[in-house]
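Chemist: Sequence and predicted structure below; questions after.
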Amino acid sequence: MKALVYTGPHSLEFRDEPEPVPANDEALVKVSAVGICGSDMHAYHGDDSRRPAPLVLGHEAAGHVISGPNAGMRAAVNPLVTCGTCESCTGGRAHLCSSRQLISMPPRPGAFAEIVRIPERNIFPIPDGFDIAKAALAEPLAVSYHAVNHGIRFLQRPIVASRCAVLGGGAIGLGCALVLAMHGAREIHIGESNPARRRTAAAAGPFACYSPGSREEPEDSTVDFIVDAVGANATRETASRLARPGGVIVHAGLLPGAEGLDVRKITLQEITFTGTYCYTPMDFKETLDAIIDGRFGPLAWFEERPLADGQQAFRDIDSGKLSAAKIILRP
C-alpha cells in the first residue's frame, strides 16, 4: 500500500509500505480522509520523542471497513486505543488509561496510508452519502468537545451567561468556539495572530475574532471561561491576564514549556486552571452525532489535498499563510 512516512525532521516520503495485519479484535479500514493534526506537525519538526522516524503519522481518519463483521461500513475512526479494564477505563475516563495507545505512535502505525488497523470497538458508523471528509473531523472536534465540557464543570456561573475567549484559531481552538456556541455561550472571542485564519474563524460562527494584543482583545480580568488551544508561554500569560476572579482556564495546547502562568493571581482570585486531554469514547460518539446532525455548522473551514502531496501540505502549514483551519488528505 502507499503511505506518507515521516523519515526525519522536516522530511516525509510517499512510498510503499506493508499492509497492516489485523489482530483478532481488529478491523482494517480503507482510509478515505485523514486530517493533519498539530501533533503530526510536532513530530515533523522532530519535537516529539514519542514519534520516532520512520513512522506513518496521522490519526484523524474516516473511511470504509474492509475486514471483519462490519466490512462494507462507512466509519469514523477513534484512534485512541485503551485496555478497557483498568480503573480509568471502567470509571468512565478511558482517555486516561495508563496503557493507552494512539495510532501514529509506536506500536501502532497511523492513517497517512491507504489502510489502517484499529480495534472493532473504535469504529463508529457514518450514514451513506455523508461527506466522509467531515467525518474525519470527529477526532479533533471530540478533543474540543471534551475540553469545553471538562472546563464547564468548574465554572461558577451558567455558560449562557459567561464571557468566553479561545486562544488560537486552528482546528482545536475553532472547535472549542463551536462547542461554546452549541452550548449557547453569551459572548465568544477568538484570539488568532494569522489574519487569514481570523477571517475563516469569523465566517464559521458568531465569534468576535481579534489579533492578540490589539484593541479588540477583551479587557484584563473580564473573561469567565478561557481555552488556551495553543499552550505557549505567551498564551498562558494572556489567559492569566484575561481571567476574571473565579474564572476558569482550560489548557489544551501541547507546546513545550511551562512559563507564563500568573500563579499569584490564580491563587488570590481563585481562578481554576485545568489541563484537558483527548476525549472519552462517549465524547467521540456524541461529537460524531453532532457533526452528522449539523450542530457544528457547515464545517467549511478545511481544505482537501491528495495524500501524495502531503509533504507540500506540511510545508504550507509551516509557512503560516494558510486560511484553512485544517488540511484533510485523501489517499
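Modeler: Noted; the coordinates are in hand.
Chemist: shouldn't I292 be in contact with G129?
Modeler: No - between I292 and G129 there is no contact under Cβ atoms under 8 Å: 10.7 Å. Bear in mind the C-beta positions are built from the backbone N, C-alpha and C, glycine included.
Chemist: quick one, which of these two is more surrounded?
Modeler: I292 (18 against 7; other Cβ atoms under 10 Å).
Chemist: residues contacting the more buried one?
Modeler: By Cβ atoms under 8 Å, 6 or more residues apart in numbering, the residues touching I292 are 126-127, 130, 135.
Chemist: what does I126 give?
Modeler: With contacts defined as Cβ under 8 Å, 6+ apart, I126 is in contact with 62, 74-76, 132, 135, 288, 292.
Chemist: Let's see which of these end up in strands.
Modeler: Among the contacts of I126, the members found in strands (DSSP state E) are 62, 74-76.
Chemist: name the element G175 belongs to?
Modeler: Assigned by DSSP states H and E, G175 belongs to helix 171-182.
Chemist: tell me the SS of the residue most central in space within the chain?
Modeler: Nearest residue to the geometric centre of the chain (Cα atoms, centre = their mean): P140, 2.8 Å. When classified by DSSP: H, G, I helix; E, B strand; the rest coil, P140 comes out as helix.
Chemist: Number of residues surrounding the closest residue to it other than its chain neighbours?
Modeler: Nearest residue to P140, sequence neighbours excluded (Cβ to Cβ, 6 or more residues apart in numbering): A171, at 4.6 Å. Residues within reach of A171, counting by other Cβ under 10 Å, total 26.
Chemist: mind listing what A171 touches?
Modeler: Contacts for A171 (Cβ under 8 Å, 6+ apart) come out as 35, 37-38, 137, 140-141, 302, 325-326.
Chemist: That one and E60: what is the separation?
Modeler: 9 Å (Cβ to Cβ, to the nearest Å).
Chemist: joint contacts of these two?
Modeler: Common neighbours of A171 and E60 (criterion: Cβ under 8 Å, 6+ apart): 35, 37, 137, 140.
Chemist: okay but the first one is in contact with E60, surely?
Modeler: Yes - with contact defined as Cβ under 8 Å, G35 and E60 form a contacting pair (3.5 Å).
Chemist: more crowded one of the two?
Modeler: Taking other Cβ under 10 Å, G35 and E60 do not tie; E60 has more neighbours (31 against 24).
Chemist: Assess the claim that the more buried one and C37 are in contact.
Modeler: Yes - contact criterion Cβ under 8 Å: E60 and C37 qualify, at 5.7 Å.
Chemist: list residues touching both of the two?
Modeler: By Cβ under 8 Å, 6+ apart, E60 and C37 have these common neighbours: 139-140.
Chemist: tell me the domain boundaries of the protein?
Modeler: As given by automatic domain parsing, the domain ranges for the chain are 2-137+299-330, 142-275.
Chemist: just the helices in the stretch 101-250 of the chain please.
Modeler: Taking DSSP state H, counting those that start in this stretch as the criterion, the stretch 101-250 of the chain carries its helices at 132-135, 138-152, 171-182, 195-204, 233-242.
Chemist: In terms of secondary structure, what does the shortest one contact?
Modeler: Meaning helix 132-135. With contacts defined as 3 or more Cβ pairs under 8 Å, 6 or more residues apart in numbering; DSSP states H and E, helix 132-135 has these neighbours: strand 26-35, strand 60-65, strand 74-77, helix 281-293.
Chemist: if we can go back for a sec, would you list the helices of the stretch 101-250 of the chain in a markdown table and tack on distance to Q269 and mean pLDDT?
Modeler: Output for the helices of the stretch 101-250 of the chain, formatted as a markdown table (distance: least, Cβ to Cβ, whole Å; pLDDT from 0 to 100):
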| stretch | distance to Q269 | mean pLDDT |
| --- | --- | --- |
| helix 132-135 | 40 | 98 |
| helix 138-152 | 17 | 98 |
| helix 171-182 | 22 | 98 |
| helix 195-204 | 29 | 96 |
| helix 233-242 | 10 | 97 |
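Chemist: Distance to G310 for the ones you listed - can I get that in TSV?
Modeler: Output for these, formatted as TSV (distance: least, Cβ to Cβ, whole Å):
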stretch	distance to G310
helix 132-135	15
helix 138-152	17
helix 171-182	17
helix 195-204	21
helix 233-242	28
